[in-house]
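> Let me see the structure of the following:
(chains A, B, C and D)
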Protein chains: 2
Amino acid sequence: MQPRIPVPTIRRLPGYLRLLREAAASRMDFISGTYLANELNLEPIQVRKDLAITGVAGKPRTGFAVRELINAIESLLGWSNTHDAFLAGVGSLGIALMGYGGFREYGLEIVAGFDIDKNKIGKTFHGKKVFAMEKLADLVQRLGICTCILTVPASAAQAVTDRLIAAGIIGIWNFTPAKLQTPDNVIVEKVDLAASLAVLSSKLQARQAKLI
Amino acid sequence: MQPRIPVPTIRRLPGYLRLLREAAASRMDFISGTYLANELNLEPIQVRKDLAITGVAGKPRTGFAVRELINAIESLLGWSNTHDAFLAGVGSLGIALMGYGGFREYGLEIVAGFDIDKNKIGKTFHGKKVFAMEKLADLVQRLGICTCILTVPASAAQAVTDRLIAAGIIGIWNFTPAKLQTPDNVIVEKVDLAASLAVLSSKLQARQAKLI
DNA sequence: TAGATTGTTAATCGATTAACAATC
DNA sequence: TAGATTGTTAATCGATTAACAATC
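Predicted coordinates for the structure are as follows:
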């Protein structure tokens, strides 16, 4: 069992991974923590601490083996091979996410959408088909899916979540403003746009106040 | 000058605000920190500490005056009246955000989009017109806009950011994976989807590993 | 009055940062 | 060898949590 990894460290790993992949693409074999820190505006010591949790040992004066570090981070995050995911709620945000190919770099591939709207069911967006919510449990089973992106209206979020869990989904990426009630064995990660906007606007607000 | 507010506190304020607005809508005059804590799965002491920074005093046994607390949080966040914002990069995510009316509750209203694609310029999405990037500086001036949502491809993010800043934008809500280089007086808040997905997938990964 | 809730002060916890030895 | 970089141990910092008095 690994010593548990701090969430702030987990959140910085994709940044390192992006630079490491760029380095690999330009055939660099080694990369230093100092370089990573510069690129990401972090302290070198923080980068070293973060990388230490991967278990990869660096070479003094040389840095870290790029390929080895990529593998270690990918396996830590579970990004070594792509995982298929469903998406519930094919509204404008849902369609946008279905069209965003970039998640593949993060080990995620949206394979189908689900909705209750008869006008959407059967249609295809960005090459991905939309099914009725009733089909969910069966398809989760058949395709062995365990992750679902939630982009339904806030008012429907809890009800749909209950259905996802009943169907066997254990990982939910929640794009709604709703605080979901779920059992302990289900993992929910919320993309909290309101929180993010609050940070931006409060800083702008503080700045304006200072100028007056 | 206020004692500076911890970012984690700022991030929780919108959650309180949502519940307070619901309470106001159902004509409740007072609300207790205990209730807020229950609804949001937080510790009561944390809610009290957070609310303390608003400067609003609660009444023992009664709680906090709903209307007073709403006003205090809104003014802290700069959400008292809606601020107009531009959006740069009218791709699928950009269009989705232009169609999302929910930002109005967070004091943000997208008033126009900008793009370099001739096929998009002049068009209207969700009632919002798309302009050529060349028009940006002039419109920022004329409409007194200071915030821009950034939804361009990662490869264009830095170049577009430079243009935004040159045009007078001082607040950037960055939806791209790029780490932006900006002067100190510009405020950037990043919606880091990769970081969020890393947290979800690493937890799922750890869970699978434990089961084996 | 009794008791729920607020608010303050102190303790704890965890992440970041500093200092410095080890290494190639 | 000299010096850049890693890695470990300790110090600092800031947020969360605990304890408890104050209040209505």
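
> Tell me which helix or strand residue A:194 sits in.
Remark: residue A:194 resides in helix A:193-211, with elements defined by DSSP states H and E.

> tell me what that helix is packed against?
If you count contacts as 3 or more Cβ pairs under 8 Å, 6 or more residues apart in numbering or on different chains; DSSP states H and E, helix A:193-211 packs onto helix B:7-25, helix B:66-77, strand B:147-150, strand B:171-174, strand B:187-190. Every residue, glycine included, has its C-beta placed from N, CA and C.

> How is chain A partitioned into domains?
Per automatic domain parsing, the domain ranges recorded for chain A read A:7-77, A:83-195.

> Figure out which of the ones you listed is closest to DNA strand D.
DNA strand D sits nearest to domain A:7-77 of all the domains of chain A, at 3.2 Å, using Cβ to the nearest atom of the strand.

> need the next SSE after the lengthiest strand in chain A, C-terminal direction.
Assignment by DSSP state E gives strand A:108-115 as the longest strand of chain A. As assigned by DSSP H and E, the chain's next helix or strand after strand A:108-115 is strand A:124-125.

> what about that following strand, near chain B?
No. Interface with chain B: strand A:124-125 contributes nothing (Cβ under 8 Å from any Cβ of the partner chain), its closest point being 9.5 Å away.

> Within the sheet, what are the partner strands of that strand, with directions?
strand A:128-132 (antiparallel) (DSSP bridges).

> Give me the distance from the partner strand to the chain's centre.
Strand A:128-132 has its C-alpha centroid displaced from the chain centroid by 22 Å (Cα atoms, centre = their mean, to the nearest Å).

> in it, what counts as buried?
A:128, A:130, A:131 (16 or more other Cβ atoms under 10 Å in any protein chain shown).

> Then stretch A:63-74?
Residues of stretch A:63-74 classed as buried: A:63, A:64, A:65, A:66, A:68, A:69, A:70, A:72, A:73, A:74 (neighbour count, 16+ other Cβ under 10 Å).

> show me which of those residues neighbour DNA strand C.
Among the buried residues of stretch A:63-74, proximity to DNA strand C is found for none (Cβ under 7 Å from any atom of the strand).

> okay if I get those residues as CSV plus distance to DNA strand D and pLDDT?
Formatted as CSV, these follow (distance: Cβ to the nearest atom of the strand, whole Å; pLDDT from 0 to 100):
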residue, distance to DNA strand D, pLDDT
A:63, 4, 97
A:64, 6, 98
A:65, 11, 98
A:66, 11, 98
A:68, 11, 98
A:69, 10, 98
A:70, 15, 98
A:72, 12, 98
A:73, 14, 98
A:74, 18, 97
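
> Which pair of the residues you listed spans the longest distance?
Maximum pairwise distance in these, criterion Cβ to Cβ, is 18.6 Å, between A:63 and A:74.

> wait, isn't residue A:14 in contact with residue B:194?
Yes. Counting by Cβ atoms under 8 Å, residue A:14 does reach residue B:194; the two are 3.8 Å apart.

> For those two, work out which one has more neighbours and name it.
A direct count of neighbours by other Cβ atoms under 10 Å in any protein chain shown for residue A:14 and residue B:194 places residue A:14 higher, at 22 against 18.

> quick one: contacts for residue A:41?
Residues in contact with residue A:41 (Cβ atoms under 8 Å, 6 or more residues apart in numbering or on different chains) are residue B:179.

> For it, give me phi and psi.
Here is the backbone geometry of residue A:41 (degrees, to the nearest 10): phi 60, psi 40.

> do residue A:60 as well
Backbone phi and psi, for residue A:60 under degrees, to the nearest 10, turn out to be phi -50, psi 140.

> what about it, how many neighbours?
Neighbours of residue A:60 under the rule other Cβ under 10 Å: 6.

> How confident was the prediction at it?
On the pLDDT scale, residue A:60 is placed at 95.

> Same question for residue A:208.
In this model, residue A:208 carries a pLDDT of 85.

> number of nearby residues for the residue nearest to it when sequence neighbours are not counted?
Counting by Cβ to Cβ, 6 or more residues apart in numbering or on different chains, residue A:208 lies nearest to residue B:78, which is 7.5 Å off, once chain neighbours are set aside. Under the neighbour criterion other Cβ under 10 Å, residue B:78 is assigned a count of 22.

> Residue A:87: helix or strand, and which one exactly?
Going by DSSP H and E, residue A:87 is part of strand A:83-88.

> Can you name the residues of chain A that neighbour DNA strand C?
Listed as neighbours of DNA strand C in chain A under the rule Cβ under 7 Å from any atom of the strand: A:6-9, A:42-43, A:45-46, A:49, A:59-62.
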